[in-house]
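Asker: sequence plus predicted model, see below.
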There are 2 protein chains.
Amino acid sequence: MAKRNRQVDLMDQARASSTFDPTKLTVMIYDKYYDYLIYPLYLEADQRNSDETVVSRRAAFHRVESSLGLLDSMKMPHIYSGLDREGLYLEGVRRARVITSDMIAHNHSHFQWLNERYQICNSSPFGMNFLMFRRTIELQGTPEQQRHWLPQIDQMSINGAYAQTELGHGTFVRGIETTATFNVETDTFTIHSPTPTSVKYWPGGLGFSCSHALVAARLITQGKDHGVHMFMVQIRSLDDFTPVYGVELGDLGMKIAYNGTCNGYARFRYLAVPRSSLLAGHAQVSREGTYSQTQTQKDTLPISKRVYSTMLDTRRNIVRCVAFGLAQAVTIAARYSTVREQGRLMFADAAEQEERAIVVFQSQHYRLLALIAQSYAILFAAKDFDLKYESLIREQANDIHTGLPFMHALSTGLKAWATTIASTGATDARKMCGGHGFVALSGLPEIEGTVSATVTFEGENYVMWQQLMTYLFKQVKASCAGHGVDVEVKGYMDGVRAYLNSGMAPASTPGCEKGEFLNGRTLLSIYQERSQRLLAAAYSSYTEMCGRCSPAEAWNKCMMSTLSAGQGYVEYIVLKSFQERTYSTSTGDAPLSRVLSQLFSLFALTTIVTPGLSFASGSFLEYGLLTHGQLNVARLHIIELLADLLPNIIALTDAWDFTDSSLCSALGCKDGNIYERLLSWTQQLPANTGSTVEKAWTAPEGMQEFFKASRL
Amino acid sequence: MAKRNRQVDLMDQARASSTFDPTKLTVMIYDKYYDYLIYPLYLEADQRNSDETVVSRRAAFHRVESSLGLLDSMKMPHIYSGLDREGLYLEGVRRARVITSDMIAHNHSHFQWLNERYQICNSSPFGMNFLMFRRTIELQGTPEQQRHWLPQIDQMSINGAYAQTELGHGTFVRGIETTATFNVETDTFTIHSPTPTSVKYWPGGLGFSCSHALVAARLITQGKDHGVHMFMVQIRSLDDFTPVYGVELGDLGMKIAYNGTCNGYARFRYLAVPRSSLLAGHAQVSREGTYSQTQTQKDTLPISKRVYSTMLDTRRNIVRCVAFGLAQAVTIAARYSTVREQGRLMFADAAEQEERAIVVFQSQHYRLLALIAQSYAILFAAKDFDLKYESLIREQANDIHTGLPFMHALSTGLKAWATTIASTGATDARKMCGGHGFVALSGLPEIEGTVSATVTFEGENYVMWQQLMTYLFKQVKASCAGHGVDVEVKGYMDGVRAYLNSGMAPASTPGCEKGEFLNGRTLLSIYQERSQRLLAAAYSSYTEMCGRCSPAEAWNKCMMSTLSAGQGYVEYIVLKSFQERTYSTSTGDAPLSRVLSQLFSLFALTTIVTPGLSFASGSFLEYGLLTHGQLNVARLHIIELLADLLPNIIALTDAWDFTDSSLCSALGCKDGNIYERLLSWTQQLPANTGSTVEKAWTAPEGMQEFFKASRL
């Protein structure tokens, strides 16, 4: 039982004020597809219902937190005790071991994509083993290789890294320099890092934690470079875990976050590995050194396209994961703002002199709810994409791959959009907590840092936007030429073509008299028209520029406008997913539906009034789409929505069902007892009970000598 | 001499391509006012010229870096070796000792506001001693107190903290709970922390480093609370540095940055201090316990207003400091982007297959130059404000305080604007460096974190914006009522009133035919009109709302629009400073002037096209101020400016004259030799040569047990 005090009372009141039952929303978040999609191996969706997902997850968290000694929230978490690089890593190993053991022992996958702190699991030293390492063998290994390796992975008899990026090479995979040269005499490949830029750099777990790695290297045989292929390489001895001869391994040191794992480097010096190391599901090298690619009847998709499926799978999971990351940050900010009474309103009169909980200050109130709405927008977009992905996988199992280009393009756009929004939002949530948010004990630095990493990993966002746009440009081109257009964008492209044919005539603004444009259907059509116009304008600039320089130079010159069009497209898709989830899918609960529709409107209107940073920030106003009068109506409606949603701020964040220990925040615990907890955690810091001051005072380079004057 | 390689060659070429001499810009940055203003004690401006400032600074950096062992840039800096909380703090003490000794020995102040890494000096354990601690005694102490304490401060016989904020109280000073109760029997004050929320929390250096603290506490005597006053309290013994009896001291643990100092907490338990502890320049307590305030003939400014002067001084310095912080981040990003050849243009043909330096990708090119322009915009605004501040101080010396309200309001707005821009920009610069920017060795996490702190400290930005706006609203009100308006805003308010009187009629758009609006004068008038309209609209909404609720509630309901008006006002002021520095002040150097005018245009146009996040993001387009056609012209002109400025990216960042060791970045060294340096620093990390792996393998909770299956 939490001790009763002012803050605990305020939190109870805020929780009691909600107009809906947050557990109904919890079941929507962790629905029956949640675990089916992230781990299709164990159970079919129809064998499981959503309530059970929630129950099973809660049980898993309880076991793990109990085992890690984290159930007493007044005890300062060990992770904050000021550990050095080694200590942080060892704590990461301890935690990874507990969650992995729990998954194996209890046959579940709750911690496979998100760990016990809701961080993407590549932040754990064992995380990549079950993700890209495993998935790549599934997709690129032969049946024999799969039979050999997958059970070892699932039982953690080995731990694997996915070693692709190099010191000088990231998102652009074709630039990779590591070589794997076949030697017919010894029937081996020689893995080698020919330059400093070719040193493998960044792979999760590579530094200290992995026995094996899938190494991306240029396959060279009979004097010919066949491009980048994946090789299974043992990098450490399974007897004592020392590196094998021929590879230098190490850690990259401290990072903004992810310090529980050892993102590492690997420098290969003529390391010989057997020919069977090549993942040979789709390409082989014969005993004589002849390179060939498999092309069975049922296997019409080229290897290069097949790799897209892995990346697509990874990216869609990142989209969902960052929704949780943003939700964590905003949960802490919401709870702290609810009980933090500080400051008065400007122009307060004699009757308004008491300090107010800062959630009622309009700027804080606005920022909190805008971010809450964004966290749900990302989640719903991810869920919508997951359903589409499921269909794609079923089609691909029947060797139908026509849906892949659209899905790949959309995954790049969603990844770029969601991670940008989540990262900016997590930073803002941290800033909303003032100085206390800057301190590790608040939990926010770690959450902010973890989310922030996603904007540059698994495809740098500015490259992602461009991949989406090359797809959309190709579709516009096909549409204009009367060629076939992918079914997923056919209707949309008709609208784009209409803009191009009319020379970008002003939009036929939807029925937008005072207030009318505020309904969901009209808002969605505004988003659609705006994005179609941005796409038409970008395409038109590009084709015009192509008359004056090469297509590549034209692309580069027009890039800023092109990127804005990508952003507009994804915002339209996201709003559509949010609308469908809100209006088309019945929640079966009127109070919840009402709150979701308010959140939908808030998300749509805040994105109009405060668009993300882009070269087309004014695009809702350009070409007569919306008038400044309508913008003022939108602003007033936002203020109304804020008032409507105020009683539900705690319920909307409670719904994510975060345990105190997963938030790991002195400011964000569910009971609201922030000040006593923060003070207590601070007092428990080891530096405050050790000899730090004495060392600083007496060290040869210490403080004592400065003060000698006053002692004379 | 740097080893020659591809990256070093690219850097040399980029440096050779500049169209102006960056050292001329260096002298503009570190001009003769630079040191006069930050440390008026030693030398008058006319005794020093700008070249000498640069020379003297360089000499000081060289001495300090030599003493700290930082001159070999191929050696991994100790600070990155994965230190624990204690190690980071002790390294902070070591560095602070060296820079402080150098200032005392060589009688200069180069490291007083910005330390040897260009971090604001409150990030050093001795930093507050010379800043707010000293300044408060200057302003609030009696002449006798000043004679007693100032020499001890200047010689570092003591080290002082400024202990104002509490666990539950920050920017809102009146909420402070610590009490200082006078006891006539013992002629002492009793300093006490009555609640957990009253514990002093956050003051820089308070945890481990300070012998003394100025404690903000409610002065209570003869049963009456006289509000918050400052008390000089010794908190640690000068013999062994243990805390004095009656105070519990400690550190707040790890933070996003600032780990070289010990932001701390202090809990007082009935600590008795002599009556002379009260800083009694303006308020006294007699031996009998009677409270009185000094009001000499020449002292017409009330104490509460006098405090504004300290805050104003601190804030104006923060504005300048964050310009350097942003410039550091963008210097690293610019240098890395110049030598990082990675990826191809989309749609590249056969002749365009080689990888390109990423600076030429339009999105990177745009982001870099937009941030470079912002760093100069902040700097010039700070310099302009410094000159105004100098006049204010001269007036105040003659007891003329009429300029204070405007200057205080402007300082709040500039602080909020500059720190927001710099923090967002430093984060973007870090993201521009991909995964490598996430690693501590890049130097960017520390820079980003240090800059980020400024948005919430020394006045939380959302509170700062409101302070600016209460001032502006009062001026609008006075202007409308025909009362006196401060001279600094008189002409501006005429324009605001005109909008109000005309019912917000559309702007008389300045001569804005194609291209015409691109000249500096017109751009400035566009900014002015836009900000006047935003202010008029915000004021009008507020007064209308006042008819329906209390002024405080009305303020709160209208806050989002009000904040946007503040942002618009500051952007206008900043553009004005930039314009004056560019066009009115001759640099005496045509090539430099040309580059500055391009930067000015780029800053003005990027802020129009991609405005910062605000409730009025579309405000350049609303009410017919600019048409979408003009916006397109602006976008095209930006692309031209990017091409013009490309050859000067390195020169514009070199001009800040950062030493390699102050950047402390494997990616940002001047020679461009990034890959060899990053690899070398990584290999030097202690965790890579120690027993970390062995511990992770053999620990009871380690990895070995997972792998046993494969060894059977």
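Answerer: Nice, I can see it. Numbers count the residues shown, from 1 in each chain, chains lettered A, B, ... in the order given.
Asker: need the contact list for the closest residue to residue A:696 other than its chain neighbours.
Answerer: Of all residues beyond its chain neighbours, the one nearest residue A:696 is residue B:93 (5.0 Å), with distances taken as CB to CB, 6 or more residues apart in numbering or on different chains. C-beta here means a position set from N, CA and C on the backbone, and glycine is covered the same way. Shown in contact with residue B:93 (CB atoms under 8 Å, 6 or more residues apart in numbering or on different chains): A:696, A:699, A:701-703, B:125, B:209, B:260.
Asker: list just the nearest of those to residue B:82.
Answerer: residue B:260 (15.1 Å; CB to CB).
Asker: residues near that closest one, how many?
Answerer: 23 (other CB atoms under 10 Å in any protein chain shown).
Asker: out of the contacts of residue B:93, who's nearest residue A:146?
Answerer: Out of the contacts of residue B:93, the member with the shortest distance to residue A:146 (by CB to CB) is residue B:260, at 51.3 Å.
Asker: that closest one: helix or strand, and which one exactly?
Answerer: Under the criterion DSSP states H and E, no helix or strand holds residue B:260.
Asker: distance of it relative to residue B:86?
Answerer: In this view, residue B:260 and residue B:86 are 12 Å apart by CB to CB, to the nearest Å.
Asker: just residue A:197 next, same as before
Answerer: 37 Å.
Asker: who's more crowded, those two?
Answerer: residue A:197 (24 against 20).
Asker: helices - which of the contacts of residue B:93 land there?
Answerer: residue A:696 (DSSP state H).
Asker: any idea which helix or strand in chain A has the lowest mean pLDDT?
Answerer: For chain A, counting by mean pLDDT, DSSP states H and E, helix A:32-38 ranks last in confidence among helices and strands (a mean of 58).
Asker: the very next helix or strand once past it and chain B in contact?
Answerer: Helices and strands here follow DSSP H and E; after helix A:32-38, the next one along the chain is helix A:50-67. No - Helix A:50-67 lies apart from chain B when judged by CB under 8 Å from any CB of the partner chain; the minimum separation is 9.9 Å.
Asker: and stretch A:634-643, by the same measure?
Answerer: Yes - applying CB under 8 Å from any CB, one finds stretch A:634-643 touching chain B at A:635, A:638-639.
Asker: before we move on, what about stretch A:681-690?
Answerer: Yes - against chain B, stretch A:681-690 shows contacts by CB under 8 Å from any CB at A:682-683, A:685-688, A:690.
Asker: out of these, which are inside helices?
Answerer: Short answer: the residues of stretch A:681-690 next to chain B in helices (DSSP H) are A:682-683.
Asker: quick one on the thing from earlier: out of the contacts of residue B:93, the closest to residue B:182 would be?
Answerer: Using CB to CB, these come closest to residue B:182 at residue B:209, 29.5 Å.
Asker: check the closest residue in space to the closest one that isn't next to it in sequence and give its pLDDT.
Answerer: Ranked by CB to CB, 6+ apart and with sequence neighbours excluded, the top spatial neighbour of residue B:209 is residue B:125, at 3.7 Å. On pLDDT, residue B:125 comes in at 94.
Asker: does residue B:125 touch residue B:203 like I think?
Answerer: No - checked against CB atoms under 8 Å, the pair residue B:125 and residue B:203 is beyond contact range at 11.6 Å.
Asker: ok so, going back, narrow the residues of stretch A:634-643 next to chain B to just the buried residues.
Answerer: A:635, A:638-639 (16 or more other CB atoms under 10 Å in any protein chain shown).
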